[in-house]
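Peer 1: Would you be able to build a 3D model of this:
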Amino acid sequence: MTKVVKDGVTMKARDKNQLDAFLKSGWKEADKDKGAVAPLQPAGKPEYKKSDIARMNVEDLKKLAAELGIDGAAESTGDVLKAEIIKRLGL
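Peer 2: Purely as a prediction, here's the structure:
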């Protein structure tokens, strides 16, 4: 897997097709960018899986969404937060 980075977010491309799609949409290969790369997961937190997000209560979802910089987290419902967090984390 190749890591790509854009706007301080790091993602993993699973295959060449996904890597090409990332690169065409403005992402850069993290390995080629020797500068500081922000982690995909929030600092000091364990790596999340989709199932972890699905089991979270609304308060924890709001906290995580705020850490990830998701706008409107305080007013969002649990289902909306789950979808946005999963999308942001690339799960």
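Peer 1: what does stretch 71-85 rub up against?
Peer 2: Residues outside stretch 71-85 that contact it (CB atoms under 8 Å, 6 or more residues apart in numbering): 48, 53-54, 56-58, 61-62, 64-66, 68, 70. Just so you know, the C-beta spots here come from the backbone N, C-alpha and C atoms, and that holds for glycine as well.
Peer 1: hmm, try it at 7 Å
Peer 2: For stretch 71-85, contacts defined as CB atoms under 7 Å, 6 or more residues apart in numbering pick out Ile53, Ala54, Val58, Leu61, Lys62, Leu64, Ala65, Ala66, Leu68, Ile70.
Peer 1: and it, how far apart are its ends?
Peer 2: Across stretch 71-85, the straight-line distance between its terminal residues is 11 Å, by CA to CA, to the nearest Å.
Peer 1: what is the rounded mean pLDDT of it?
Peer 2: Across stretch 71-85, the average pLDDT comes to 89.
Peer 1: Please point out which parts of the top helix by length along the chain sit buried.
Peer 2: If you go by DSSP state H, the chain has its longest helix at helix 78-89. Neighbour-count burial for helix 78-89, counted by 16 or more other CB atoms under 10 Å, picks out Leu81, Lys82, Glu84, Ile85, Leu89.
Peer 1: What ranges in this protein fall below the confidence cut-off?
Peer 2: Within the chain, the segments meeting pLDDT under 70 span 1, 31-46.
Peer 1: Where do the helices of it begin and end?
Peer 2: 16-24, 50-55, 58-67, 78-89.
Peer 1: Asp7 is nearest to which of these?
Peer 2: Relative to Asp7, the nearest member of the helices of the chain by CB to CB is helix 78-89, separated by 11.3 Å.
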